[in-house]
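**Q** the sequence isn't on hand, but the structure is:
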């Protein structure tokens with residue numbers, strides 16, 4: 001989300017595997033998308049009532065904790081208040097599913113302008129839970145008129161409720177399409193129709209604001225995708241973009257652009273790197289995955305660019321800024337003299353890959369500014385690319401400080417990409 005002139009990033013965390021309790025949700029904040037605060041817990045681990053048994057199962061909860069799962073992390077109300085959302089699911093044994101409709105419920109809390117949080121409330125329960133057997137109160141009892149109004153807005157919006165289908169009750173009357181289509185997101189066409197996108201690059205169009213979907217979601221023609229998510233949105237220049245994994249795997253992460261939101265015409269790389277997987281765990285896949293952007297009511301970044309977040313190997317959380325308009329070629333001669341460029345804008349035309357421990361930046365070196373690549377990560381590295389037109393002669397000046405080079409080598413590659 002982008003709110004109060006800041007970026008807000010939410011992600012969930014479990015100690016070992018994707019469905020291994022106790023689960024919690026963390027929040028980070030950034031003013032520029034590059035430097036982020038340390039993560040804080042916004043939804044802590046939740047204890048399942050002792051003796052609970054799922055319908056049709058025999059496993060009994062004894063000192064057990066929930067796992068978290070959510071396809072939607074934020075909602076900005078019509079009163080311009082920001083709320084964080086989370087879902088507490090239940091996995092009592094190996095192979096259990098938190099998204100079988102038998103979880104606890106969805107929670108909500110306010111994020112305030114000073115960075116503090118309001119109390120946690122349940123927004124919607126699953127069928128086995130209610131105000132009497134849960135640890136947080138129901139939103140209607142909050143006494144906070146703005147919170148109650150925001151919750152009612154959320155529950156009455158079919159495009160938001162569609163994003164809760166995996167975790168909600170299988171017969172929840174507020175969910176328009178009660179079928180096993182996952183990770184819904186959407187954007188609006190100029191004629192007010194809604195384009196819906198789901199996992200596996202499934203798509204459909206609604207003509208009534210998301211209340212009904214006359215055509216069952218089907219694979220978008222020309223989109224190659226396996227069991228990974230896809231994100232779509234209208235960009236600030238009036239065009240449209242989708243970000244997804246165009247392969248049978250969850251890598252690489254790519255971008256396609258459309259003039260009208262229906263026909264997509266290219267395929268460009270967002271992130272093609274994959275680090276070594278450092279930790280074991282069930283349901284772990286390689287690659288940049290679970291991509292999500294900023295939905296329509298959750299703010300527009302001041303720089304008008306497209307910002308997406310995703311997980312690498314279900315370990316590191318990444319942010320990518322995609323400049324708008326999206327460009328796939330450079331036609332003018334390149335002459336990057338950083339010393340003559342405004343501070344903070346030197347790398348606007350560069351593609352950088354800058355992990356937390358392998359920073360790419362620009363620093364003063366004697367009487368000049370220079371791009372710097374620093375490396376202290378045994379599993380990753382820094383990378384900077386500059387696209388330029390076909391040229392007969394290219395001149396690059398660089399200095400190498402071996403004292404700061406973990407891997408002991410620096411590779412400069414010039415590629416003629418006609």
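**A** Perfect, I can see it now. Note that the coordinates shown come from a computational prediction; the quantities given were computed from them, not determined experimentally.

**Q** residues contacting residue 320?
**A** By C-beta atoms under 8 Å, 6 or more residues apart in numbering, residue 320 lies in contact with 253, 270-271, 307-310. The way it works is simple: take the backbone N, C-alpha and C, and place the C-beta from them, glycine included.

**Q** how about residue 285?
**A** 249-250, 313-314.

**Q** so which of those wins on neighbours?
**A** residue 250 (26 neighbours; other C-beta atoms under 10 Å).

**Q** next one: that residue from residue 364, what distance?
**A** 40 Å (C-beta to C-beta, to the nearest Å).

**Q** thinking again about what came up before, narrow the contacts of residue 285 to those in strands?
**A** Per DSSP state E, strands hold no members of the contacts of residue 285.

**Q** okay, and the beta partners of the residue at minimal distance from the centre of the chain?
**A** Using C-alpha atoms, centre = their mean, the residue of the chain that lies closest to the mean C-alpha position is residue 292, 3.1 Å off. Taking DSSP bridges as the rule, residue 292 bridges to residue 309.

**Q** shouldn't it be in contact with residue 308?
**A** Yes: counting by C-beta atoms under 8 Å, residue 292 touches residue 308, with 6.7 Å between them.

**Q** got JSON lines for the contacts of residue 320, with pLDDT and neighbour count too?
**A** Below are the contacts of residue 320 laid out as JSON lines (pLDDT from 0 to 100; neighbours: other C-beta atoms under 10 Å):
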{"residue": "253", "pLDDT": "98", "neighbour count": "25"}
{"residue": "270", "pLDDT": "98", "neighbour count": "20"}
{"residue": "271", "pLDDT": "98", "neighbour count": "21"}
{"residue": "307", "pLDDT": "98", "neighbour count": "17"}
{"residue": "308", "pLDDT": "98", "neighbour count": "22"}
{"residue": "309", "pLDDT": "98", "neighbour count": "20"}
{"residue": "310", "pLDDT": "98", "neighbour count": "25"}
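
**Q** where does the prediction get shaky in the stretch 1-150 of the chain?
**A** Judged by pLDDT under 70, the stretch 1-150 of the chain has no weakly predicted residues.

**Q** all the helices of it, residue numbers only.
**A** 145-155 (DSSP state H, counting those that start in this stretch).

**Q** residue 187 versus the closest residue to residue 80 other than its chain neighbours, what's the distance?
**A** By the measure of C-beta to C-beta, 6 or more residues apart in numbering, the closest residue to residue 80 outside its immediate chain neighbours is residue 3, 7.9 Å from it. Using C-beta to C-beta, we find residue 3 at a distance of 20 Å from residue 187.

**Q** residue 208 now?
**A** 16 Å.

**Q** neighbour-wise, which of those two wins?
**A** Between residue 208 and residue 187, counting by other C-beta under 10 Å, residue 187 is the more crowded of the two (20 against 13).

**Q** quick check, pLDDT for the more buried one.
**A** Listed pLDDT for residue 187 reads 98.

**Q** ok, residue 411 next?
**A** On the pLDDT scale, residue 411 gets 57.

**Q** next one: the one 3 residues further on
**A** In the predicted model, residue 414 carries a pLDDT score of 59.

**Q** same check, this time on the one 3 residues further on
**A** According to the predicted model, the pLDDT of residue 417 comes to 46.

**Q** cool, and residue 400?
**A** 63.

**Q** still on that earlier bit, could the contacts of residue 320 go into JSON lines alongside distance to residue 32?
**A** As requested, the contacts of residue 320 are exported to JSON lines (distance: C-beta to C-beta, whole Å):
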{"residue": "253", "distance to residue 32": "22"}
{"residue": "270", "distance to residue 32": "19"}
{"residue": "271", "distance to residue 32": "19"}
{"residue": "307", "distance to residue 32": "11"}
{"residue": "308", "distance to residue 32": "16"}
{"residue": "309", "distance to residue 32": "15"}
{"residue": "310", "distance to residue 32": "19"}
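
**Q** nearest to residue 34 among these?
**A** Distance to residue 34 across the contacts of residue 320 (C-beta to C-beta) is lowest for residue 307, with 11.0 Å.

**Q** check which element follows the helix or strand hosting that closest one along the chain.
**A** Element membership of residue 307 [criterion: DSSP states H and E] is strand 306-312. Next in sequence after strand 306-312, counting helices and strands by DSSP H and E, comes strand 316-322.

**Q** quick one: average confidence on that next one?
**A** Mean predicted confidence for strand 316-322 is 97.

**Q** may I have the strands that pair with it, each with its orientation?
**A** strand 306-312 (antiparallel).

**Q** what's in contact with the partner strand?
**A** Residues contacting strand 306-312 (C-beta under 8 Å, 6+ apart): 2, 7, 9, 11, 33, 231, 233, 235-236, 241, 243, 253, 270-271, 273-275, 287-294, 301, 317-324, 326.

**Q** what ranges do the helices span in the stretch 251-400 of the chain?
**A** Using DSSP H, counting those that start in this stretch, helices in the stretch 251-400 of the chain do not occur.

**Q** low-confidence ranges in it?
**A** 398-400.

**Q** distance check, the nearest residue to residue 353 once chain neighbours are set aside against residue 235.
**A** In this structure, residue 353 finds its nearest non-sequential neighbour in residue 383, 4.0 Å apart by C-beta to C-beta, 6+ apart. Separation of residue 383 from residue 235 (C-beta to C-beta): 25 Å.

**Q** kindly report the same for residue 300.
**A** 10 Å.

**Q** so for these two, which residues contact both of them?
**A** By C-beta under 8 Å, 6+ apart, no residue touches both residue 300 and residue 235.

**Q** residues contacting the closest residue in space to residue 188 that isn't next to it in sequence?
**A** Nearest residue to residue 188 in three dimensions, chain neighbours excluded: residue 194, at 6.0 Å (C-beta to C-beta, 6+ apart). By C-beta under 8 Å, 6+ apart, the residues touching residue 194 are 159, 186-188, 205-207, 209-210.
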